[in-house]
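Visitor: model this:
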Amino acid sequence: MSQYRIEAGTGQHIGDRTEQQDRVALLAAPKAPGYMMAVLADGMGGKSGGALAAEQVIRSARQLFESFSPLTDSVDDMLRSIARDTHTIIKLSGLSAEKEPHSTMVALVLTPEKEAIWAHVGDSRLYRFDGPNFAEHTIDHSYVEQLVAEGRLTRAQAKEHKLSNLLVNALGSGNQEPYVTIGRHRGLRAGDHFLLCSDGLWHYFSDAELGAAIAMNSPRDGAEMLIRKVRERAAGTAADNCTFAIVKLTVPPAEEKNYTVKKMRRAV
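Guide: Residues are numbered from 1 along each chain as shown. This next block holds a predicted model:
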């Protein structure tokens, strides 16, 4: 019997924008039983361009995961292919004449070998928690993170910096080919939790707040609470789209016994 059960859910709110340009999905792999993927994209580019760019991330992820086989493919290569294919299609499509559409991406794959593998491009994040305790999150491909790495800003200063949303790496960008950052965690067990989210969520919470909200609630209840808190904290501002996926590894229910024990009659 598996040592954990996967519980997952998604949440989304349009914020104060006129259009929802984020996309999120939970996917299964027909040729790879026991594998699951969560993928999220934050589209940008004006009008409907951003939404179409984000939609292409989900489409590429679904197509590649449906054909994925652990006998012939590697998860790392598949995640890189999602980013590469999406970038190429966005560039070739010419979705907007006024502003070049582009998108961020973050994707997580859980394997039956108790391994989590993730990839990201841009500033959509993956968080990993050990129970309610923060373990790590991806580092944004942003200008302010470069300043933090150079010691010119603290992380607290970076969060409120006026250029905090300026990306140095994105899908569809005309400046350079995107690079994909891969992360992994082995030895998955009950109590490991993951959060994939756009900046419309993580901007409003500390690491500790996110860990507590996810650990103490079901994915559905946690999603409702996080959206409610985002709306409260964003009051009076032009809040961005807010989108996320919660993936929790929980203790499986005890196996129910479907038999009864009766006293054996004495043989005659």
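Visitor: just the strands in the protein please.
Guide: Ranges of strands in the chain, per DSSP state E, are 5-13, 22-28, 36-44, 102-103, 105-111, 115-121, 125-130, 133-137, 181-186, 192-197, 242-250.
Visitor: want to throw these into CSV with mean neighbour count, distance to Arg152 and mean pLDDT?
Guide: Using the backbone N, CA and C atoms, a C-beta is placed for each residue, glycine as well. Converted to CSV, the strands of the chain look like this (neighbours: other CB atoms under 10 Å; distance: least, CB to CB, whole Å; pLDDT from 0 to 100):
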stretch, mean neighbour count, distance to Arg152, mean pLDDT
strand 5-13, 18, 34, 96
strand 22-28, 20, 30, 97
strand 36-44, 27, 25, 96
strand 102-103, 32, 26, 92
strand 105-111, 26, 26, 98
strand 115-121, 23, 23, 98
strand 125-130, 21, 22, 98
strand 133-137, 15, 21, 98
strand 181-186, 14, 21, 98
strand 192-197, 25, 26, 98
strand 242-250, 25, 29, 97
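Visitor: JSON lines please, covering these and showing distance to Ile214.
Guide: Shown next, in JSON lines, are the strands of the chain (distance: least, CB to CB, whole Å):
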{"stretch": "strand 5-13", "distance to Ile214": "10"}
{"stretch": "strand 22-28", "distance to Ile214": "15"}
{"stretch": "strand 36-44", "distance to Ile214": "13"}
{"stretch": "strand 102-103", "distance to Ile214": "25"}
{"stretch": "strand 105-111", "distance to Ile214": "14"}
{"stretch": "strand 115-121", "distance to Ile214": "15"}
{"stretch": "strand 125-130", "distance to Ile214": "6"}
{"stretch": "strand 133-137", "distance to Ile214": "10"}
{"stretch": "strand 181-186", "distance to Ile214": "16"}
{"stretch": "strand 192-197", "distance to Ile214": "5"}
{"stretch": "strand 242-250", "distance to Ile214": "6"}
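Visitor: For Ser218, find the nearest of these.
Guide: Proximity to Ser218 (CB to CB) singles out strand 5-13 among the strands of the chain, at 6.8 Å.
Visitor: now the residue nearest the centre of the chain, which residues is it bridged with?
Guide: Centroid check for the chain by CA atoms, centre = their mean gives Leu196 as the closest residue, at 2.6 Å. Taking DSSP bridges as the rule, Leu196 bridges to Leu126, Ala245.
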